[in-house]
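>>> Sequence first, predicted model second:
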Amino acid sequence: MAVSSKSRLAVTLLAWFLGSLGAHRFYLGKTGTAVVMLVLSIIGWSTFWIFGIGFFFLGAVGIWALIDFIYAVAGLMKDKEGKLITKW
């Protein structure tokens, strides 16, 4: 199995601190899902204060970011080419 040149530490820190904005996915080259995370966060914060339904968007993105963080820590995260990110 091929190993990615991306840093596992960088992915882990980005997922923890900026995970809901999709920063770790931008770093990995997964721009499609990164944009989805970013848009869901923007919609969530925009509608949270007005309608309160933004909680569901923020909750979904938060769970998604937490799962990505766990995958990054465990060394199971892959980059856009499907290579595992194992090097710290």
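All right, it came through fine. What you see is a predicted model, and the numbers here were worked out from it, not measured in a lab.

>>> Could you tell me how many residues sit around residue 20?
21 (other CB atoms under 10 Å). Any C-beta I mention is one placed from the backbone N, CA and C, and that applies to glycine too.

>>> typo on my end, it should be residue 3
By other CB under 10 Å, neighbour count at residue 3 equals 11.

>>> Show residues contacting the lengthiest helix in the chain.
Criterion DSSP state H: the longest helix present in the chain is helix 54-74. By CB atoms under 8 Å, 6 or more residues apart in numbering, the residues outside helix 54-74 that reach it are 8, 11-12, 15-16, 19-20, 24-25, 37, 40-41, 43-48, 77, 85.

>>> Output that helix as CSV - backbone C-alpha positions only.
Presented in CSV, the C-alpha positions along helix 54-74 are these (Å, rounded to 0.1, in the frame of the first residue of the first chain):
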residue,chain,number,x,y,z
GLY,A,54,-28.6,25.6,12.0
PHE,A,55,-28.0,23.3,14.9
PHE,A,56,-28.6,20.3,12.7
PHE,A,57,-26.1,21.5,10.1
LEU,A,58,-23.5,22.3,12.7
GLY,A,59,-24.1,19.0,14.5
ALA,A,60,-23.7,17.0,11.3
VAL,A,61,-20.5,18.9,10.4
GLY,A,62,-19.2,18.5,13.9
ILE,A,63,-19.7,14.7,13.9
TRP,A,64,-18.1,14.5,10.5
ALA,A,65,-15.1,16.5,11.7
LEU,A,66,-14.8,14.3,14.8
ILE,A,67,-14.8,11.1,12.8
ASP,A,68,-12.2,12.6,10.5
PHE,A,69,-10.1,13.5,13.5
ILE,A,70,-10.3,10.0,14.9
TYR,A,71,-9.3,8.6,11.5
ALA,A,72,-6.3,11.0,11.3
VAL,A,73,-5.1,10.0,14.8
ALA,A,74,-5.5,6.3,14.0
